[in-house]
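> okay, here's the prediction I keep looking at, along with the sequence it came from:
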Amino acid sequence: MSGLDHAIAVVSDRSLLADAVSAALVGSDVTVVRVPWPGEGHDHRAGWSKQTPRPPLGLMLCDLSPPAVHTARWLVGAYPTRWLLLTDSPRGPLWGAMIEVGVIGILKSATSLSELLAEIGGSCGVADTGRLPPDSDDLVAQWHRLEPQRSEIHARLSSLTPRELEVLRLLHLGRSVREIAQLHGVAHSTVRSQVRSILHKLGVSRQVAAAAVLDEWGGLPEWW
């Protein structure tokens, strides 16, 4: 069996986790091909290169959230192979989002190395089947029902100006209006006006609620 038959792509939104899992797989005689998570300073349009042939299986480690799901779905399309997903996220519509784009199995992050090696075939090849839940169709339907809400939130976030989005991110980090004004070198009244505009555009009445929108749905990465 060729070296590529023993290979597995690994990607995670947490680089240290990807490092640890990759090291464990390499220690089990599996060749690891690291895929960069968008935002790590790599060309997000790259996909598989001639220098990096496509492995027969991929392993994605990601705690799902709406913005993370969007990125994860993009990765499945940009790096086509048979993807397994390891996640701590509870079963629900975000699982459906990943099933829809073709992941072959969803495993809990607590899966042991021996269980993972059994799932991917260890050093003997790739497993023929993944571990999709029996209610996969219902999970995909749940994702479709969530999509209008995601689209509305995306539209609201997209309506923010670059400065408003920066102010929202600072509010999310716990900065006060006074601190933001000092950081940007503007009057407090200017920042208060920006905050009022943010609340209006997001359809909320309090700064905490606006920060929660960003916390739940994320910002506007360039691959949206």
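Now that the structure is in, tell me what you want to look at.

> since we're on residue 120, how many residues are nearby?
Using other Cβ atoms under 10 Å, residue 120 is surrounded by 23 other residues. Where you see a C-beta, it was placed from the backbone N, CA and C, and this is true even at glycine.

> please report how far it lies from residue 86.
11 Å (Cβ to Cβ, to the nearest Å).

> now do residue 68
Distance, residue 68 to residue 86, by Cβ to Cβ: 13 Å.

> what residues are up against residue 139?
If you count contacts by Cβ atoms under 8 Å, 6 or more residues apart in numbering, residue 139 has them with 91, 92, 93, 95, 96, 99, 133.

> wait, isn't the third one in contact with residue 142?
Yes: look at residue 93 against residue 142 with Cβ atoms under 8 Å: they come within range, at 3.7 Å.

> neighbour-wise, which of those two wins?
Using other Cβ under 10 Å, the more surrounded residue of residue 93 and residue 142 is residue 93, with 21 against 18.

> in which helix or strand would I find residue 8?
Per DSSP states H and E: residue 8 is located in strand 7-12.

> what's the burial count for residue 16?
8.

> against residue 153, how distant is residue 204?
Distance of residue 204 to residue 153, computed by Cβ to Cβ: 11 Å.

> about what we covered before: any chance you could list residues touching both of residue 120 and residue 86?
Common contact partners of residue 120 and residue 86 (Cβ under 8 Å, 6+ apart): residue 59.

> secondary structure element for the residue positioned nearest the centre of the chain?
The centre of the chain sits closest to residue 68, judged by Cα atoms, centre = their mean, with a distance of 2.3 Å. Residue 68 is part of helix 66-78, with elements assigned from DSSP H and E.

> now do that helix: which elements does it pack against?
Contact here means 3 or more Cβ pairs under 8 Å, 6 or more residues apart in numbering; DSSP states H and E; on that basis helix 66-78 packs against strand 58-61, helix 93-100, helix 207-217.

> could you check the angle helix 66-78 makes with the helix ranked longest in the chain?
Counting by DSSP state H, the longest helix found in the chain is helix 136-158. Interaxial angle, helix 136-158 versus helix 66-78 (axes from the mean of the first three to the mean of the last three Cα atoms, to 10 degrees): 110 degrees.

> just to revisit the earlier point, tell me which of the helices and strands packed on helix 66-78 sits most buried.
Among the helices and strands packed on helix 66-78, ranked by average contacts under mean count of other Cβ atoms under 10 Å, first place goes to strand 58-61 (a mean of 24).

> show me what the strand holding residue 8 is in contact with.
The list of residues contacting strand 7-12 from outside it, by Cβ under 8 Å, 6+ apart, reads 18, 21-22, 25, 30-37, 54-62, 75, 79, 81, 120.

> how far does it sit from the chain's center?
Relative to the centre of its chain, strand 7-12 is centred 15 Å away, using Cα atoms, centre = their mean, to the nearest Å.
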